[in-house]
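K.L.:
sequence and predicted structure are below.
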Amino acid sequence: AWFAVRLALRPLQRMTAAAEAFGNDIHHPPLDAQGPSEVRQAATAFNRMQERIREMMAERTQILAAVTHDLKTPLTRMRLRLEGCADEALREKLGGDLVAMQRLVDEGLELARSMQSAEPAVRLDLDALLSAIADDAADAGQAVRHAGGDGVQVTCKPSALRRAVENLVDNALKYGGGARLSLTVADGAARIRVSDDGPGIPEERLGEVLRPFVRLESSRSRESGGTGLGLAIASNLVGAQGGRLELANRAGGGLDAMIVLPLD
């Protein structure tokens with residue numbers, strides 16, 4: 001009976017593993033259609049569902065990329081025509097609006113790219129990455145510090161991961177005045193932490209701010225440069241390589257943004 005139950009559950013275990021892998025990587029290979037006819041039918045239906053989801057995601061990404069890209073041309077024309085405006089006050093106000101629109105278009109394109117990246121995964125020393133990011137920020141006069149670690153290596157997409165960390169650093173600089181980078185290992189995962197001393201985020205909105213175009217009006221405005229896409233882009237970039245982005249308020253004040261990446 002035990003052997004029969006094991007045989008019956010094995011296809012379900014394979015399908016469960018395939019579903020979890022597909023949730024982490026939309027480009028995960030299809031499930032092998034093996035076993036009895038009912039199992040093969042279920043595997044075939046699962047693979048068709050995967051393909052339809054991939055097609056819908058690709059179509060949505062293409063639409064977003066096309067719209068944001070096509071907006072660049074009229075924005076450029078508007079900027080050129082604005083230079084001939086004789087009213088200096090009006091020119092300054094409209095110029096600020098154009099800058100905000102351009103920033104939104106640029107980050108919209110970045111959001112589209114973050115949904116579907118073809119960058120290959122390689123082994124990367126996370127401490128070296130964090131040290132390079134902190135050094136670049138320090139050279140630019142920004143208050144970013146890095147506490148060295150043990151040289152943990154993971155398999156990841158380097159450019160995507162660097163962009164995700166830089167987005168979190170930018171967020172910490174805008175709303176916390178500085179950023180501290182640290183790296184720890186726990187429960188079979190590497191944890192990159194970006195901490196700041198800002199006002200934090202209301203507990204009930206910690207998950208909400210990871211969605212595109214969500215802004216906290218009390219701390220984000222056009223003057224501060226918030227578009228509501230930075231955290232969403234970081235979450236997409238991390239999620240596309242099997243990781244996750246977590247946000248938590250610290251007891252003493254400030255926000256911790258943590259990227260969790262599996263070691264294997």
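P.N.:
Everything's here; your move.
K.L.:
okay, buried residues for the lengthiest helix in the chain please.
P.N.:
Using DSSP state H to define each element, the chain has its longest helix at helix 37-70. Neighbour-count burial for helix 37-70 flags 39, 42, 43, 46, 47, 50, 61, 64, 65, 68 (criterion: 16 or more other Cβ atoms under 10 Å). (C-beta placed from N, C-alpha, C; glycine too.)
K.L.:
cool, stretch 241-248 as well?
P.N.:
Buried, per 16+ other Cβ under 10 Å, within stretch 241-248: 241, 242, 243, 245, 246, 247.
K.L.:
which of the residues you listed sits closest to residue 191?
P.N.:
Among those, residue 246 lies closest to residue 191 (Cβ to Cβ), at 8.8 Å.
K.L.:
how would you label that closest one: helix, strand or coil?
P.N.:
strand (DSSP: H, G, I helix; E, B strand; the rest coil).
K.L.:
ok, now residue 200?
P.N.:
Classified using three-state DSSP, residue 200 is coil.
K.L.:
now do the contacts for it.
P.N.:
249, 250, 253, 254, 255 (Cβ atoms under 8 Å, 6 or more residues apart in numbering).
K.L.:
ok, 10 Å please
P.N.:
Residue 200 makes contacts with 175, 176, 206, 219, 247, 248, 249, 250, 253, 254, 255, 256, as judged by Cβ atoms under 10 Å, 6 or more residues apart in numbering.
K.L.:
summarise which helices and strands the longest helix of the chain is packed against.
P.N.:
helix 2-24, helix 88-115 (3 or more Cβ pairs under 10 Å, 6 or more residues apart in numbering; DSSP states H and E).
K.L.:
does anything pack onto the lowest-mean-pLDDT helix or strand in the chain? Which helices or strands?
P.N.:
Within the chain, no helix or strand scores below helix 2-24, which has a mean of 75 by mean pLDDT, DSSP states H and E. Helices and strands touching helix 2-24, by 3+ Cβ pairs under 10 Å, 6+ apart, are helix 37-70.
K.L.:
and the next element down the chain from the helix it packs on?
P.N.:
Per DSSP states H and E, the first helix or strand lying C-terminal to helix 37-70 is helix 72-82.
K.L.:
other SSEs contacting that next one?
P.N.:
helix 88-115.
K.L.:
any chance you could list what contacts the helix or strand following the helix it packs on?
P.N.:
Per DSSP H and E, the first helix or strand lying C-terminal to helix 88-115 is strand 122-125. Residues outside strand 122-125 that contact it (Cβ under 10 Å, 6+ apart): 131, 149, 151-158, 161-162, 261.
K.L.:
list the buried ones in strand 122-125?
P.N.:
In strand 122-125, counting by 16+ other Cβ under 10 Å, buried: residue 124.
K.L.:
send me it as PDB with only the CA atoms.
P.N.:
Listed in PDB are the C-alpha atoms of strand 122-125, where the atom choice follows Å, rounded to 0.1, in the frame of the first residue of the first chain:
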ATOM      1  CA  VAL A 122      26.100  33.600 -13.500                       C
ATOM      2  CA  ARG A 123      27.900  33.100 -10.100                       C
ATOM      3  CA  LEU A 124      28.300  36.400  -8.400                       C
ATOM      4  CA  ASP A 125      30.100  37.500  -5.200                       C
END
